[in-house]
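>>> sequence first, predicted coordinates after that:
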Amino acid sequence: FEAIEGQEFSVICTAHGKPQPKVQWIKDGKDMALADRWSVVAHNGQMSSTRVEENDRGIYTCIARNDAGFVEQQTHLTVVVKPKVYELKNITISTNAEGILTCKAKGRPAPQITFRKWGTTHEYRLGHQEDDENILLEQSVDNELGESTGSLIISRMARTHDGLYQCLARNKGDTAFEVGHIAVEYAPNFDHIKDLPPVFSWEERVANLSCMAMAFPNATIEWRWNERLVREMQDKFLEIVEDGPR
């Protein structure tokens with residue numbers, strides 16, 4: 001028999017005799033009629049649990065007894081343990097470097113693990129991905145321990161790989177979810193302002209120049225005039241506003 005952790009379970013042991021036998025269920029020498037969360041109906045052999053737990057798995061013996069004697073039969077209960085993700089660490093990787101997002105989960109049977117990027121329904125499949133060969137999904141499963149490890153390997157990290165990723169651990173009992181983050185570091189660039197028009201002004205009029213750099217981690221901006229650092233110049237007409245990381 002098979003039951004799912006946290007759910008109800010019931011099984012019936014049917015026996016015939018004259019007079020009608022009464023049924024007793026035994027596990028590890030313990031009468032299940034006296035066990036917490038369990039009940040036994042002696043006249044029809046029904047054994048029920050209000051909530052199955054992992055340690056309920058094992059061998060159960062049904063004993064049918066009347067004044068003429070008794071007979072017994074053994075059966076095995078397997079408990080499906082719902083998966084649980086117990087490790088998923090955020091990672092920070094530079095562009096073009098290899099990054100590995102690892103998810104570890106446990107359950108019985110050992111869960112299958114995959115990932116998907118946050119906000120999408122597309123799940124990565126085992127092996128290289130058709131739409132991005134830089135992404136490889138690997139998985140190792142230990143059925144004896146009921147543990148699995150899934151690794152999302154990105155061989156050449158790009159800025160498009162930055163974001164939240166959801167780990168999914170599945171078995172027949174349920175699906176567990178956990179969210180991790182890949183942060184992609186990249187060098188400063190001025191791509192978003194390179195097409196800005198030049199600034200024109202007149203003598204003795206104010207001219208404002210703006211500089212905005214995209215970078216992760218944030219970049220520190222310096223202003224130079226003819227290769228000289230503006231902040232070191234003693235020129236009252238040159239002023240830097242909100243100098244610092246951008």
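It's in. Source: prediction; values computed, not measured. Numbering: from 1, shown residues only.
>>> from here on, just use CA atoms for contacts and neighbour counts.
OK.
>>> how close does Val40 get to Glu144?
Distance from Val40 to Glu144, counting by CA to CA, to the nearest Å: 31 Å.
>>> actually, Gln166.
Separation of Gln166 from Glu144 (CA to CA): 26 Å.
>>> same thing with Lys84?
Using CA to CA, Lys84 is found at 16 Å from Glu144.
>>> for Leu168, same thing?
Separation of Leu168 from Glu144 (CA to CA): 21 Å.
>>> compare neighbour counts for those two and give me the winner.
Taking neighbours as other CA atoms under 10 Å, Leu168 and Glu144 compare with Leu168 leading, 23 against 9.
>>> beta partners of the more buried one?
Beta bridges link Leu168 to Thr114, Phe177 when assigned by DSSP bridges.
>>> what number of residues lie near Asn134?
15.
>>> where's Ala110, which helix or strand?
Under DSSP states H and E, no helix or strand contains Ala110.
>>> kindly report the same for Ile240.
Counting by DSSP H and E, Ile240 is part of no helix or strand.
>>> any idea how far it is from Val230?
For Ile240, the distance to Val230 equals 8 Å [CA to CA].
>>> so these two - more neighbours on which side?
Neighbour totals were compared for Ile240 and Val230, and Val230 leads with 16 against 13 (other CA under 10 Å).
>>> which ones are touching the more buried one?
When contacts are counted by CA atoms under 8 Å, 6 or more residues apart in numbering, Val230 touches Glu222, Trp223, Arg224, Leu238, Ile240.
>>> mind checking pLDDT for it?
Confidence at Val230, expressed as pLDDT, is 86.
>>> show me where pLDDT drops low in the protein?
Scanning the chain with the threshold set as pLDDT under 70 gives 242-246.
>>> and the helices in it?
Taking DSSP state H, the chain contains no helices at all.
>>> can you check which strand is longest in it?
Secondary structure assigned by DSSP state E gives strand 69-88 as the longest strand of the chain.
>>> quick one: that one to chain centroid distance?
Centre-to-centre, strand 69-88 and its host chain are 25 Å apart (CA atoms, centre = their mean, to the nearest Å).
>>> would you indicate which residues of that strand are buried?
Using 16 or more other CA atoms under 10 Å as the test for burial, strand 69-88 gives Thr78, Val79, Val80, Val81, Lys82, Pro83, Lys84, Val85, Leu88.
>>> next one: the residue lying closest to Gln73 once chain neighbours are set aside from Thr92, what distance?
Counting by CA to CA, 6 or more residues apart in numbering, Cys62 is the residue found nearest to Gln73 once chain neighbours are left out, at 5.2 Å. Relative to Thr92, Cys62 is positioned 57 Å away (CA to CA).
>>> ok, these two, which is more surrounded?
Comparing Cys62 with Thr92 by other CA under 10 Å, the one with more neighbours is Cys62, at 21 against 14.
>>> will you turn the buried residues of strand 69-88 into CSV that also has distance to Glu178?
Output for the buried residues of strand 69-88, formatted as CSV (distance: CA to CA, whole Å):
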residue, distance to Glu178
Thr78, 27
Val79, 23
Val80, 20
Val81, 17
Lys82, 14
Pro83, 11
Lys84, 9
Val85, 7
Leu88, 7
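>>> closest to Ala183 out of those residues?
Leu88 (14.1 Å; CA to CA).
>>> hmm, Ile113 and that closest one touching each other?
No. Leu88 is beyond contact range of Ile113, at 12.0 Å (criterion: CA atoms under 8 Å).
>>> what do those two both touch?
The contact sets of Leu88 and Ile113 overlap at Cys103 (CA under 8 Å, 6+ apart).
>>> quick one on the thing from earlier: ok, the longest strand of the chain: who's next to it in the sheet?
strand 2-4 (parallel), strand 58-66 (antiparallel), strand 99-108 (antiparallel).
>>> among the ones you listed, which is the most enclosed?
Comparing the strands paired with strand 69-88 on average neighbours per residue, with mean count of other CA atoms under 10 Å, the densest one is strand 99-108 at a mean of 24.
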